[in-house]
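**Q** Model the structure of this input:
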Amino acid sequence: MSAVVATADALREALQAALNPSHLEVFDESAAHAGHAGSNGLGHGTHFRVRIAAPSFAGKSRVAQHRLVYDALRHFTDAGLHALAIEIHHGNTP
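**A** Sure, this is the predicted structure:
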């Protein structure tokens, strides 16, 4: 079994496959958290920001929307992704 590596591209691919978003941006903000809890000392792969809009969010509470994102990225969090900031946008763009 290969190791799960958290990169912006890998998170983007997982979210695209699971949620088919109408808008998606993923940013690796790990470098800004160097020395903080959860940092791996590499400056990447631990802290991410996701901006996303998806039809599957319609009619769901904010908690339910966030749960969909977390569920799509579970294998990354299980492998050590430390922090995920989620910005839900309605419509096609933020």
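**Q** Please tell me how far the spatially closest residue to residue 75 that is not a sequence neighbour sits from residue 67.
**A** Excluding the flanking residues, the one nearest residue 75 by C-beta to C-beta, 6 or more residues apart in numbering is residue 4, at 5.4 Å. To be clear about C-beta, it is placed using only N, CA and C from the backbone, and glycine gets the same treatment. Applying C-beta to C-beta, to the nearest Å, the value for residue 4 to residue 67 is 20 Å.
**Q** again with residue 14
**A** Taking C-beta to C-beta as the measure, residue 14 falls 15 Å from residue 67.
**Q** Kindly report the same for residue 49.
**A** 18 Å.
**Q** okay, the two: which has more neighbours?
**A** More crowded of residue 49 and residue 67, by other C-beta atoms under 10 Å: residue 49, with 15 against 12.
**Q** Is it correct that that one falls within a helix?
**A** No: counting by DSSP: H, G, I helix; E, B strand; the rest coil, residue 49 is located in no helix; its state is strand.
**Q** Average pLDDT for stretch 10-23, rounded please.
**A** For stretch 10-23, the mean pLDDT works out to 97.
**Q** Please compute how far the worst-scoring helix or strand of the chain on mean pLDDT lies from its chain's middle.
**A** When the helices and strands of the chain are scored by mean pLDDT, DSSP states H and E, helix 74-78 comes last with a mean of 91. In terms of C-alpha atoms, centre = their mean, to the nearest Å, the centre of helix 74-78 is found 10 Å from the chain centre.
**Q** in it, what counts as buried?
**A** Neighbour-count burial for helix 74-78, counted by 16 or more other C-beta atoms under 10 Å, picks out residue 76.
**Q** For it, give me every contacting residue.
**A** Under the criterion C-beta atoms under 8 Å, 6 or more residues apart in numbering, residues 4, 6, 10-11, 14, 70, 84 lie in contact with helix 74-78.
**Q** between those, which has the most around it?
**A** Counting by other C-beta under 10 Å, top hit in the contacts of helix 74-78: residue 6 with 25 neighbours.
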